[in-house]
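[1] With the sequence up front, the predicted model follows.
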Amino acid sequence: MADNQYQTALVTGASSGIGAAVARALTALDLEVYALARRHEPLAELAEEVGCIPLVVDLNDTAKVDNAIADLAIDVVVNNAGLGRGYDGLAQSTNDDIERVVNTNVAAVLQVTRTVMRGMIDRRRGHIINLGSIAGLHPTGLALYGASKGAIHLLSQNLRLELRGTGVRVTEICPGRVETPYFATALDDPAKANSFTEGLTCLRPEDVADAIVYAVRAPWHCNVSTIELQPTEQTVGGAQIDPVNRTL
């Protein structure tokens, strides 16, 4: 179980992929987990499976998000919800692409974090975990998505300064390619979406959840600031090793 008197957790984007894996992992730590996402059916299935509390809310609806979480005493928040667009380049992106990425990946994270951290500060106990990306740490040729995850990186770093002395910890998790529905949403061409996960063994959602559990279970005096994890066959910049011939 968790070693830091944590009792509750909020996981956004919990209906599938990394979010669902994190909800399962934190429930296994005996935390009461609030699983937030837009889709009712998969949340209901997850709740039946692990006993989490489903919150069916669109993160872009600020008023409904506040109504759903403002009165909850959250000890651990995992800002997992996010999406990617603009994979053909910023010049080819649409107004809708930019709005969706910025609202979901940046604005919603700021709003959820602001709401739950107030109680954390009052209780002098809490853990903010932000899902960043290697695209927020290194150039990957994804200007729109990288800008949104770069914002999460600096948010996490600055929160560490703002929260010094409060007992509230901040962790940023920066994965490479993970086997989730992410690419199907990010790219309209199914063949192109599949190309991002072909030819290498991607991370599993459970790998990312394990990293989060490690950070949560660290002793109270230890803040795990940043974890970067990638598939063994992926390197920054996109170069891959052929898993059969072991060549670039």
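    Sure thing, it's come through.
[2] Give me the most central residue, this structure.
    Closest to where the C-alpha atoms of the chain average out (CA atoms, centre = their mean) is residue 80, at 2.4 Å.
[3] got a list of what that residue touches?
    In this structure, residue 80 makes contact with 11, 12, 13, 14, 18, 19, 22, 131, judged by CB atoms under 8 Å, 6 or more residues apart in numbering. Where C-beta positions appear, they are placed from N, C-alpha and C, glycine not excepted.
[4] Go through those and flag which are in strands.
    The strands in this structure, assigned by DSSP state E, contain 11, 12, 131 from the contacts of residue 80.
[5] Could you identify which of those residues has the most neighbours?
    Neighbour counts for those, by other CB atoms under 10 Å, peak at residue 11, which reaches 33 neighbours.
[6] ok, what's across the strand from that one?
    residue 35, residue 78 (DSSP bridges).
[7] Please report how far it lies from residue 24.
    Using CB to CB, to the nearest Å, one obtains 10 Å as the distance from residue 11 to residue 24.
[8] give me the number of residues near the residue nearest to residue 192 when sequence neighbours are not counted?
    For residue 192, the nearest residue in space outside its immediate sequence neighbours is residue 87; the separation is 7.7 Å by CB to CB, 6 or more residues apart in numbering. For residue 87, the count of nearby residues is 20 (other CB under 10 Å).
[9] and what of the one 4 residues further on?
    When counting by other CB under 10 Å, one arrives at 7 neighbours for residue 91.
[10] Look up how far residue 142 lies from it.
    The separation that residue 91 has from residue 142, given CB to CB, amounts to 13 Å.
[11] that older thread, assumed the residue nearest to residue 192 was part of a helix.
    No - in this structure, residue 87 is coil, not part of a helix, as judged by DSSP: H, G, I helix; E, B strand; the rest coil.
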